[in-house]
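Novice: Quick one: sequence plus predicted model below, questions after.
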Amino acid sequence: MKAYKVELLIIDFDELGEKELRDVIKHTHYPNYCISPNIISVEERDIGEWSDDHPLNHRDTMKTEYERLFK
């Protein structure tokens, strides 16, 4: 299985600010074009077999595994 790190440039037309912008990216399907995400770069990593025990599948180990994969 693969994981992708995607870097975005977002023009904040509605002046949402960083905190609200993060929420919009995470929870919205961009119905009113309040932001305009553009992919700047993508990095791909093989993460092996996916399972319920995979480190990316747990909040307490996700960041460490992400850093191991992409740093």
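Specialist: Cool, the structure landed.
Novice: Give me the neighbour count for the nearest residue to residue 49 once chain neighbours are set aside.
Specialist: Among residues not flanking residue 49 along the chain, residue 1 sits closest, at 6.7 Å (Cβ to Cβ, 6 or more residues apart in numbering). For every residue, glycine as well, the C-beta is placed using N, CA and C. Close neighbours of residue 1, defined as other Cβ atoms under 10 Å, add up to 11.
Novice: show me the contacts for residue 1.
Specialist: Residues near residue 1 by Cβ atoms under 8 Å, 6 or more residues apart in numbering: 46, 47, 48, 49, 50.
Novice: Please apply the same query to residue 67.
Specialist: Applying Cβ under 8 Å, 6+ apart, no residues contact residue 67.
Novice: And the average pLDDT for the helix or strand containing it is what?
Specialist: Per DSSP states H and E: residue 67 is located in helix 59-70. Taken as a whole, helix 59-70 has an average pLDDT of 96.
Novice: Ok, stretch 16-28 next?
Specialist: Averaging pLDDT along stretch 16-28 yields 83.
Novice: and that stretch, which residues are buried?
Specialist: By 16 or more other Cβ atoms under 10 Å, the buried positions in stretch 16-28 come out as 16, 21, 24.
Novice: which residues are in contact with the helix or strand where the last one lies?
Specialist: Secondary structure here is read from DSSP H and E; on that basis residue 24 sits in helix 18-27. With Cβ under 8 Å, 6+ apart as the test, helix 18-27 has contacts from 8, 10, 12, 16, 30, 34, 35, 37.
Novice: so residue 69 touches residue 44, yeah?
Specialist: No - using Cβ atoms under 8 Å, residue 69 is not in contact with residue 44; the gap is 10.0 Å.
Novice: and for those two, which residues touch both?
Specialist: Counting by Cβ under 8 Å, 6+ apart, the common neighbours of residue 69 and residue 44 are residue 3.
Novice: give the contact list for residue 6.
Specialist: Residue 6 is in contact with 39, 41, 42, counting by Cβ under 8 Å, 6+ apart.
Novice: Would you mind giving those as CSV with secondary structure and neighbour count added?
Specialist: CSV is the format used below for those (DSSP: H, G, I helix; E, B strand; the rest coil; neighbours: other Cβ atoms under 10 Å):
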residue, secondary structure, neighbour count
39, strand, 10
41, strand, 8
42, strand, 9
